[in-house]
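> Sequence below, structure please.
(one chain, ligands or ions: 1)
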Amino acid sequence: MRLKDKVAIITGAANGLGFEASRIFAQEGAKVAMVDYDAKTGEERAAQLKEEGGDVAFFQVNVADRDSVDAMVEEVVKRYSKIDILINNAGITRDGMLTKLSVENFQAVINVNLTGVFHCTQAVVPHMIAQGKGKIISTSSVSGVYGNVGQTNYAATKAGARPPFHRRLAIRRLETRRLPRWSAAALSNPASPCAGASLCRPLSSARARWLPTEPR
Ligand SMILES: NC(=O)c1ccc[n+]([C@@H]2O[C@H](COP(=O)([O-])OP(=O)(O)OC[C@H]3O[C@@H](n4cnc5c(N)ncnc54)[C@H](O)[C@@H]3O)[C@@H](O)[C@H]2O)c1
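Numbers count the residues shown, from 1 in each chain. A predicted model of the protein is given here:
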């Protein structure tokens with residue numbers, strides 16, 4: 001049981017990859033907060049995992065809505081006293097060729113796939129810093145690397161959810177721990193073996209403080 005007693009929040013957990021991740025995490029001993037805006041399927045899937053012996057709870061949340069995310073994070077911390085892992089997995093597509101893509105369909109995908117990642121990440125990070133450790137994983141896509149026909153909106157969000165967003169967070173965190181400058185530099189250098197390590201590196205100092213991420 002590699003994840004015994006770890007507390008994980010998984011968004012988009014009612015279906016597809018998020019549900020399968022929830023199941024694997026539960027089988028590995030994690031307590032899983034299954035987050036989705038599809039309450040009917042989410043409740044059914046959570047009940048299914050409980051029957052299989054998993055320690056899971058369903059939370060109806062729209063990741064594009066900050067109040068809904070904040071309320072969920074508060075409830076998870078109240079219930080489990082910590083958050084070890086966040087998986088930003090909720091995602092949608094509203095495909096269309098650029099010349100015909102409506103502003104609404106462009107914005108809808110940004111709101112869920114990118115702003116949703118920001119909301120959930122910003123909501124959990126203070127707790128992880130207080131704990132001195134935490135791991136954040138965001139589901140990107142090959143579309144975020146190469147683009148895809150009819151997916152300017154989706155590709156933009158998946159490019160946004162790739163390592164630079166997380167690496168910047170990790171660097172800020174390393175800076176707050178007063179680690180040698182080369183540690184942060186190694187993470188930001190794509191040629192470095194540390195590149196992409198992101199928040200997967202264990203963060204052990206409980207004394208470190210959160211500093212605002214103002215540009216330098
Ligand atoms: N399936 C693939 O081939 C593939 C490939 C690359 C990347 N991805 C990415 O992986 C992730 C999961 O993909 P999937 O195929 O399992 O998708 P899916 O459609 O099966 O599941 C996505 C889940 O996210 C939920 N969701 C959507 N909007 C939400 C919101 N605003 N708030 C909360 N929950 C919301 C949906 O209700 C659904 O349960 C997505 O981010 C997707 O972009 C998928």
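
> Okay, now the unreliable bits of this protein?
Applying pLDDT under 70 to the chain picks out residues 167-168, 171-216.

> residue ranges of the strands in it, please?
Listed in chain order, the strands of the chain (DSSP state E) span 7-11, 31-36, 55-60, 85-88, 135-138.

> Flag every residue of this structure that's near the ligand.
Where the chain comes near the ligand, counting by CB under 6 Å from any ligand atom, the residues are 11-12, 14-18, 36-38, 61-64, 89-92, 112, 116, 139, 141. Glycine gets a C-beta too; all of them are placed from N, C-alpha and C.

> 8 Å - rerun?
Residues of the chain lying near the ligand by CB under 8 Å from any ligand atom: 11-20, 35-38, 41-42, 61-65, 88-93, 111-113, 116, 139-143, 154, 158, 161.

> Throw the strands of the chain into JSON lines and include distance to Met97, thanks.
Below are those laid out as JSON lines (distance: least, CB to CB, whole Å):
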{"stretch": "strand 7-11", "distance to Met97": "29"}
{"stretch": "strand 31-36", "distance to Met97": "30"}
{"stretch": "strand 55-60", "distance to Met97": "34"}
{"stretch": "strand 85-88", "distance to Met97": "28"}
{"stretch": "strand 135-138", "distance to Met97": "27"}
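
> Take the residues of the chain next to the ligand and keep only those in helices.
16-20, 41-42, 116, 143, 154, 158 (DSSP state H).

> Can you flag the buried ones in those residues?
Neighbour-count burial (16 or more other CB atoms under 10 Å) applied to those gives 18-19, 42, 116, 143, 154, 158.

> Is Leu98 in contact with Val149, as I believe?
No - checked against CB atoms under 8 Å, the pair Leu98 and Val149 is beyond contact range at 9.9 Å.

> and the residue most central in space within the chain, what are its bridge partners?
Against the mean C-alpha coordinate of the chain, by CA atoms, centre = their mean, the closest residue is Asn88 at 2.7 Å. For Asn88, the beta-bridge assignment (DSSP bridges) gives partners Ser138.

> Only the buried residues of stretch 73-88, if you could.
For stretch 73-88, the neighbour count (16+ other CB under 10 Å) marks 73, 76-77, 80, 82-88 as buried.

> So the residue of the chain most remote from its centre versus the ligand, what's the distance?
The centre of the chain is farthest from one residue, Thr99, which by CA atoms, centre = their mean lies 31.4 Å away. Relative to the ligand, Thr99 is positioned 23 Å away (CB to the nearest ligand atom, to the nearest Å).
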